[in-house]
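Student: need coordinates for the following:
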Amino acid sequence: MAIRGMRTTTGGWNRRGFLGLTAGAGAAALLGTSACGAGGASGSGSAGDKSLTVACEGGGKIELQPVVDKFKQDTGSAVTLVELPYEGLFNRLTSELAGGKPSFDVCAVDAVWIPLFANKLAALDGLFTDAVKTDLFPALIQEAQADGHFIGMPVWTNSEILFYRKDLFEDPKEKAAFQKKYGYPLAPPTTWQQFTDIATFFTRPDQKLYGTDVKGAVETEWLAHVLQAGSPGVVLDDSGNVIVDNAQHVAALAFYADLNNKHKVAPTGAAQTDWNAAQNLFNQGQTAMTRFWAHAYRQIPQDAKVAGKVGAAPMVGGTAGVAGIPGPWYLSAPKGGAKADLAQQFIKAAYDHNALSIDTTLGLAARKSAYQQYADKPGYESFGPLLATLNASATRARPATPHWQRIVDSVLVPTIQKALTPGADYAALLKAARTQIEGIIK
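Tutor: Model prediction:
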């Protein structure tokens, strides 16, 4: 996986508009020359062969290597991690799962792929004991299921939290000026109003400082605000009905877009701002706050203007309180795999030793207990806010639809970008979005 925050849509690794089973033919064609060049076909070996092939993306290889080493130490079984780029991994899974002869025994599956591959993945119900489910975040348990079965074990997840500049928030002069102007203490915001007040206070274009960023090129942040507003889901409800124009979606779009249109607390070019641009703005000291993926806290460059000056807090909250959109990946096994038992043994090991991944450069896990082990350690100050956000009652997974990426690329992002124009009619934009989405899912 590419690092979350780089040209992404759901909190992480690269997501492209071709996602969907209708892309299977094109994906298979692309695999024609690449399949043998990235790992071979060891997954088709005999059941007696005590080795495994795991297909994953770059970030997955980083995260899984400590587990692989531990698994070999404990069982003597060798595991080969076949690293593919995001699109290459999707192409391979699409082609080989459809063909019924996968070259892998285990695969890392992005959350948005679960509905696409559900009927080709083995049930993992036996791994999801009560103790396991207690140690996983509710949204991940929901997302790991399809047709009444668990088909993916979460191995790492992420969520946006709030990053803020402690050098500004803890400056006595700034604190006194804010208290005088707004009548309450300057502190990391917990509500939309506080976020807007603080962003307004720190917006000083003459100093090349803005209160926050507004990311028009991605949808996840706005959807987190939709949940904070109390919507029963984002874009679709649990029954698959389109709710993108309900009152909560409108309220969240108004809050989000007004930061740019009305309050003018974000740098110019909001409609084109993506994760990468927002991260650079914050690291360069040009924004006082950013809503960003928690893993980035440990990846702030030492030569960044804000290095050593960054605080972390849970995602802000609306009327329903704090909420975020999780960005998980899962380990799955192909249905009918020749090494099904050993594959499930490895997937269980990945859960059992989940905390080992926190010591990697990506530094993410899926279990609550894994994050809790590190939350009080210096350098891991983002873990407490991440736990609070992922555990929040309003936090939910994205809808389980095979059309999700098409909805994102062709409807949600363009709608947000249109909204980032002064005078935009937010309700009308979402009404039009509803019509478009209904046409996609019909």
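Student: rest of the way, CA atoms for contacts and neighbours
Tutor: Will do.
Student: is it true that residue 309 touches residue 166?
Tutor: Yes - assessed by CA atoms under 8 Å, residue 309 is found in contact with residue 166 at 5.2 Å.
Student: which of the two has more neighbours?
Tutor: residue 166 (18 against 14; other CA atoms under 10 Å).
Student: distance check, the more buried one against residue 290.
Tutor: 13 Å (CA to CA, to the nearest Å).
Student: relative to residue 366, how far out is residue 357?
Tutor: 10 Å.
Student: swap in residue 64?
Tutor: From residue 64 to residue 366 the distance is 12 Å (CA to CA).
Student: same thing with residue 105?
Tutor: 21 Å.
Student: so these two - more neighbours on which side?
Tutor: residue 105 (29 against 25).
Student: that one contacts residue 51, correct?
Tutor: No - using CA under 8 Å, residue 105 makes no contact with residue 51, being 9.2 Å away.
Student: anything in contact with each of those two?
Tutor: Common contact partners of residue 105 and residue 51 (CA atoms under 8 Å, 6 or more residues apart in numbering): none.
Student: quick one: the strands in the protein?
Tutor: Counting by DSSP state E, the chain has strands at residues 51-57, 78-84, 106-110, 145-146, 149-150, 153-156, 160-165, 289-293, 310-313, 317-318, 321-322, 329-332.
Student: winner for burial among those?
Tutor: strand 153-156 (a mean of 28; mean count of other CA atoms under 10 Å).
Student: pLDDT (mean, whole number) over stretch 330-344?
Tutor: Across stretch 330-344, the average pLDDT comes to 97.
Student: revised request: answer the last question for stretch 373-383.
Tutor: Per-residue scores along stretch 373-383 average to 97.
Student: what about residue 373, how many neighbours?
Tutor: 12.
Student: same deal with the one 5 residues further on?
Tutor: Residue 378: 7 surrounding residues under other CA under 10 Å.
Student: check contacts around it.
Tutor: Residue 378 touches nothing, counting by CA under 8 Å, 6+ apart.
Student: again with residue 186
Tutor: Contacts of residue 186 by CA under 8 Å, 6+ apart are 169, 175, 178-179, 198.
Student: quick one: buried ones out of the residues you listed?
Tutor: Taking 16 or more other CA atoms under 10 Å as the criterion, what is buried in the contacts of residue 186 is 169, 175, 178, 198.
Student: which of those residues lies closest to residue 139?
Tutor: residue 198 (30.3 Å; CA to CA).
Student: I'd say the closest one and residue 212 touch.
Tutor: No - the pair residue 198 and residue 212 fails to qualify as a contact (CA under 8 Å) at a distance of 9.1 Å.
Student: separation between residue 103 and residue 53?
Tutor: Taken as CA to CA, the span from residue 103 to residue 53 is 8 Å.
Student: hang on, the earlier thing: which ones among the contacts of residue 186 map onto helices?
Tutor: 169, 175, 178-179, 198 (DSSP state H).
Student: from those residues, pick the one nearest residue 152.
Tutor: residue 198 (40.7 Å).
Student: neighbours around the nearest residue to the closest one once chain neighbours are set aside, how many?
Tutor: In space, and not counting its chain neighbours, residue 198 is closest to residue 211: 6.8 Å by CA to CA, 6 or more residues apart in numbering. Residue 211 sits with 27 neighbouring residues when counted by other CA under 10 Å.
Student: you'd agree residue 211 is up against residue 197?
Tutor: No - using CA under 8 Å as the test, residue 211 is too far from residue 197 to be in contact (9.1 Å).
Student: just to revisit the earlier point, using a markdown table, lay out the contacts of residue 186 together with pLDDT and distance to residue 115.
Tutor: Converted to a markdown table, the contacts of residue 186 look like this (pLDDT from 0 to 100; distance: CA to CA, whole Å):
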| residue | pLDDT | distance to residue 115 |
| --- | --- | --- |
| 169 | 98 | 43 |
| 175 | 98 | 49 |
| 178 | 98 | 48 |
| 179 | 98 | 49 |
| 198 | 99 | 40 |
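Student: looking at the residues you listed, which is nearest residue 323?
Tutor: Distances from residue 323 to the contacts of residue 186, taken by CA to CA, are shortest for residue 198, at 19.7 Å.
Student: tell me the contacts of the closest one?
Tutor: 186, 189, 211 are the contacts of residue 198 under CA under 8 Å, 6+ apart.
Student: which one of the residues you listed sits closest to residue 320?
Tutor: Among these, and counting by CA to CA, the member closest to residue 320 is residue 189, at 15.2 Å.
Student: helices along the stretch 301-442 of the chain, start to end?
Tutor: 340-352, 368-374, 383-391, 404-407, 413-419, 426-441 (DSSP state H, counting those that start in this stretch).
Student: could you do the stretch 151-300 of the chain as well?
Tutor: Under DSSP H, counting those that start in this stretch, the stretch 151-300 of the chain gives helices at 166-169, 172-182, 192-201, 220-228, 247-261, 275-283.
Student: contacts for the second one?
Tutor: So the one you mean is helix 172-182. For helix 172-182, using CA under 8 Å, 6+ apart, the contacting residues are 168-169, 184-186, 197, 201.
Student: pull the distance from it to the chain's centre.
Tutor: A distance of 35 Å separates the centroid of the chain from that of helix 172-182, by CA atoms, centre = their mean, to the nearest Å.
Student: for that helix, which positions count as buried?
Tutor: 174-175, 178.
Student: between helix 192-201 and it, find me the angle.
Tutor: If you take axes from the mean of the first three to the mean of the last three CA atoms, to 10 degrees, helix 172-182 sits at 120 degrees to helix 192-201.
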